[in-house]
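Asks: the sequence and its predicted three-dimensional model are supplied below.
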Amino acid sequence: MHVYEVLKRPIVTEKTMIGTDEHNKVTFEVDMRANKLQVKEAVQTAFKVDVTNVRILVMPAKTTRRGKQIRIRQAKWKKAVVTLAPGNSIQLFEGV
């Protein structure tokens with residue numbers, strides 16, 4: 001998998017912005033096939049920062065019911081919480 005195919009988009013919510021401000025953590029939606037080493041390499045290559053830790057979570061699918069049928073509203077997806085080294089920051093998240 002190519003380095004630029006791993007990261008899909010940054011996740012910008014109130015909770016992730018608190019993590020960015022207080023703990024120097026950045027959250028991304030990543031490809032389902034990506035592992036921790038690929039995410040670390042992709043962030044370091046794309047943003048020229050040092051990464052100290054990567055945590056990966058698989059978010060479950062959101063379902064709905066209509067009678068006895070269960071339908072999927074949103075497919076499952078993977079997110080990564082990346083901890084940056086002290087003194088590093090990503091300009092994308094500054095001042096948001």
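Replies: Sure, I can see it.
Asks: tell me which helix or strand the spatially most central residue of the chain sits in.
Replies: What sits nearest the mean C-alpha location of the chain, by C-alpha atoms, centre = their mean, is residue 28, with 2.0 Å. Under the criterion of DSSP states H and E, residue 28 resides in strand 25-30.
Asks: how far does the next helix or strand after that strand sit from its chain's centre?
Replies: Once strand 25-30 ends, the next helix or strand along the chain (criterion: DSSP H and E) is helix 36-47. Relative to the chain's own centre, helix 36-47 is displaced by 11 Å; criterion: C-alpha atoms, centre = their mean, to the nearest Å.
Asks: so in that sheet, which strands flank the next helix or strand after helix 36-47, and in what orientation?
Replies: Counting by DSSP H and E, the element after helix 36-47 in chain order, helix or strand, is strand 51-59. Strand 51-59 pairs in its sheet with strand 77-84 (antiparallel), by DSSP bridges.
Asks: and residue 8, how far is that from residue 29?
Replies: 4 Å (C-beta to C-beta, to the nearest Å). All C-beta spots, glycine's among them, are computed from the backbone N, C-alpha and C.
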